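Enquirer: need the 3D shape of this:
(one chain, ligands or ions: 3)
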Amino acid sequence: MKYVLVAINLPVKNLFRQFIYRLPENLLQVGEGWRVIVPFGSQKVEGFVVQAFSREEAAEVLQKDNPDFSFAGVKEVSAALGTRPWFNDEMLQTAKWLAKYYLCSLAEAMRLFIPGKTSIRRKPVYQGGKLIAYDVEERLKARTVLAYNITEAGRAALQAGNPRAKVQMRALELLQQAAEPVDGKEAEAQHISAAVLRALAEKGWALRTEKRLLRNSYDRQAEWKETLQLTSEQEQAVLKIRASLDHFASSCPQEFLLQGITGSGKTEVYLRAADYALRQGRQVLVLVPEIALTTQIVQRFQAWFHNEVAVVHSKLSQNERGDVWYKMRTGEANVLIGVRSAVFAPFKNLGLVIIDEEQENSYKQEERPAYHAREVARCRCNNNSAVLLLGSATPSLETYYRAVSGSIGHLQLTFRPGNSVLPAVDVVDMREELAQKNFSVISRKLRREIVAAVHAGQQAVVLLNRRGYSTFVMCRDCGETLTCPHCAVSLVYHADEQVMRCHYCGNTYPIPRTCPDCGSRRIKFFGSGTQKAEQEISQMPGVRVLRMDQDSTATKLAHEEIIGRFVKKEANVLLGTQMVAKGHDIPDVTLVGILAADSALNLPDFRASERGFSLLIQAAGRAGRGDKPGRVVLQTYDPENEVINFAKKQDYETFAKRELAQRKVLLYPPYGQIIKLTVIDKNEKKAWELGDEVALFLRNRCEMEKWGRTEIMGPFPSGVAKVRDLYRINIVVKSMDMEKVKNCLSGSRFRTVKNIYFDVDPITA
Ligand code: ADP
Ligand code: ZN
Ligand code: ZN
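Expert: Ligands and ions are numbered 1, 2, ... in the order given. As a prediction, the model looks like this:
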């Protein structure tokens, strides 16, 4: 008889133990890594098999927990999910590592590898009249898709034209030109949604048919995809990565930092490294911070590798995501591009992981388990003998430190190819502007530059990292600022919808006419956000401005659409929050304006300088990528600020050295490791009591067990002390001896307390 140890996939935080089940006769094929359905309490739930063993071995395990156990209480596995294991050895190893490193349960770690929530109502699979499994991944076998042909009526409609149905006309044109029926994917590549094709069919302009999907096998013998001549630095980088792909774990490093200034052609290096891995018959994972902001990378990869490329993003349905996973597992596709969660995809034969803009915060998950995709990728690369390539102009200090201290390879791109050079940066002192009675968010210099650029037919990007119109509202008589009743933050005035909005809980409130505290009418709006800047910029002569921030992309156009319209020169100024600073490569952008450069630098957080510096460099890097030289105007109230000056010189190296020296003194990463504990409670007093208890416990253990250099800070209120009516109290542990800290926490009762969150390697502390 066979038994299995199962981790129960329930969103219960404190389910740290696993349970033993017996396999019935018809499920003897089930073993390690399978997904199963098991009875649990009164329900049937999903579980993951983490171990399989004989009756004797099972007895031994059970006896350890409970000396007088009996097999009588052991229940049977009900069914298998899928017809083979979901987790291979490597995935199981990675999940175990993750649970240990991030102090979560094994089930929580394993759940990350499952695409979407599992529903048990899948297609049942019977054998000899007996249910043996639920089918979860065989759907892809039918290799046909819906596709459309143009009809005679459609040709006539196209001929006649209709200026008010531009998209439909474009779609008809596409169908007319295509040699074969056009499917939804192909239309989407031309920015025509499948819904448009359906509309054409309903009008009788197109005929629906089925098309067999032919697998376009990647031609491994093919020559280089493009003749673009690599720069000597790019060439060197590619050669080193190839050597590592050839000789795993010899003297070649298996991890690299590709540090290249903005516009130095990092993507070109990624493409050739990926091409080489594919020629070896191995798969490539490309992680990007956000798909919508990196369409150019996706397009470049698709142009090179065609059907080999699969893309996952947050808009995919559960089934589509399942399909992508299936393609990677079977080797039907061999390049996966995706955001953070793509790091959990199943692979047939992973050879290379590329992480673009590896310093970006979006690689860190904020909810439990608070993993970092880079750390997971490193673990998976080790387990797969794959190479990890981290790219950035402004690497995280952790990665930079690993590179300069020699523990990973350091590849550098120090110049832009061709005639393109880094833009010159002018710093404008905004205190001067006030002295000259300019109360606008836009300095006189930037205004002149914007007008000149658009006059010359060029384009400008303007960064202001604050959305809304006015960022806070205050009473002049009593000094009261208007805050959200559910969160400890100021409300922001949004002119678009004429409301006050909380940026933490999203609630909106009416605009106050009188002070809620003293009744005064002298209410004043302070601080400028993107909406106000938009209003001011749009009044400049010759300017057509597009705004891109969370509000504009939520209600009107998606990122891609805004960028697309900007590329097509429907507007000559692109204004927005940090989204405008990232990824895009637009040759006519010659001017970048950075408003309120200090706002990002002055946050009470050890990574504020790193993040602020990175944003300034990224924003500046959007200028002058084509043949025309670029200029950057950087506005600040603090022109002496060191970080601003490093950004002005675009001097990452000196910045990093200074920052590393400070972190060493203060025991911050990469020197010390951090764990942040957050106690969350509706009741403020209870939150503090629990916080005190945790801190005292840690301090005692630190002393008793003689931890190496360790600092325990707190309890103190979180940066935002209340969100959605929940009080938040932090305790931060910085330590050179993190292994001991983690052991202590995993052995403690706090590990399973529901309202304490552990954040290992937090982004902010
Ligand atoms: P990064 O990601 O480093 O900011 P990109 O990869 O976007 O830079 O490249 C910037 C621009 O330089 C792109 O338009 C790209 O096509 C071009 N480019 C890259 N490598 C070369 C090269 N070797 N010769 C000419 N142009 C290149
Ligand atoms: Zn008042
Ligand atoms: Zn709120």
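
Enquirer: from here on, just use CA atoms for contacts and neighbour counts.
Expert: OK.

Enquirer: what's the spacing between the closest residue in space to Arg663 that isn't next to it in sequence and ligand 2?
Expert: Leaving out its chain neighbours, the residue that sits closest to Arg663 by C-alpha to C-alpha, 6 or more residues apart in numbering is Pro669, at 6.6 Å. Counting by C-alpha to the ion, to the nearest Å, the separation of Pro669 from ligand 2 is 44 Å.

Enquirer: count the residues that sit near Pro669.
Expert: 20 (other C-alpha atoms under 10 Å).

Enquirer: that one contacts Glu398, correct?
Expert: Yes - under the criterion of C-alpha atoms under 8 Å, Pro669 makes contact with Glu398 at 6.5 Å.

Enquirer: now the end-to-end length of stretch 539-554.
Expert: Start and end residues of stretch 539-554 are separated by 25 Å (C-alpha to C-alpha, to the nearest Å).

Enquirer: what mean pLDDT does stretch 743-753 get?
Expert: In this model, stretch 743-753 has a mean pLDDT of 88.

Enquirer: need the CA coordinates for that stretch. PDB is fine.
Expert: Taking Å, rounded to 0.1, in the frame of the first residue of the first chain, the C-alpha atoms of stretch 743-753 are listed here in PDB:
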ATOM      1  CA  ASN A 743      15.100  29.900  12.800                       C
ATOM      2  CA  CYS A 744      13.900  31.700  15.900                       C
ATOM      3  CA  LEU A 745      10.900  33.100  14.200                       C
ATOM      4  CA  SER A 746       9.900  29.800  12.500                       C
ATOM      5  CA  GLY A 747      10.100  28.000  15.800                       C
ATOM      6  CA  SER A 748       8.000  30.600  17.600                       C
ATOM      7  CA  ARG A 749       4.300  30.900  18.000                       C
ATOM      8  CA  PHE A 750       4.300  34.100  16.100                       C
ATOM      9  CA  ARG A 751       4.800  32.300  12.900                       C
ATOM     10  CA  THR A 752       1.200  31.200  12.800                       C
ATOM     11  CA  VAL A 753      -0.400  34.200  14.400                       C
END
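
Enquirer: now it, how far from the centre of its chain.
Expert: 29 Å (C-alpha atoms, centre = their mean, to the nearest Å).

Enquirer: repeat for stretch 183-190
Expert: Worked out by C-alpha atoms, centre = their mean, stretch 183-190 lies 25 Å from the chain centre.

Enquirer: cool, stretch 421-432 as well?
Expert: Remark: stretch 421-432 is offset 31 Å from the chain centroid, using C-alpha atoms, centre = their mean.

Enquirer: and ligand 1, is that stretch touching that?
Expert: No - using C-alpha under 6 Å from any ligand atom, we find that stretch 421-432 stays clear of ligand 1, coming within 10.7 Å at best.

Enquirer: do I have it right that Val324 meets Glu308?
Expert: No - Val324 is beyond contact range of Glu308, at 11.2 Å (criterion: C-alpha under 8 Å).

Enquirer: quick one: average confidence on stretch 238-252?
Expert: 85.

Enquirer: centre of the chain to it, how far?
Expert: For stretch 238-252, the separation from the chain centroid amounts to 28 Å (computed by C-alpha atoms, centre = their mean).

Enquirer: is any part of that stretch close to ligand 1?
Expert: No - judged by C-alpha under 6 Å from any ligand atom, stretch 238-252 stays clear of ligand 1, getting no closer than 11.8 Å.
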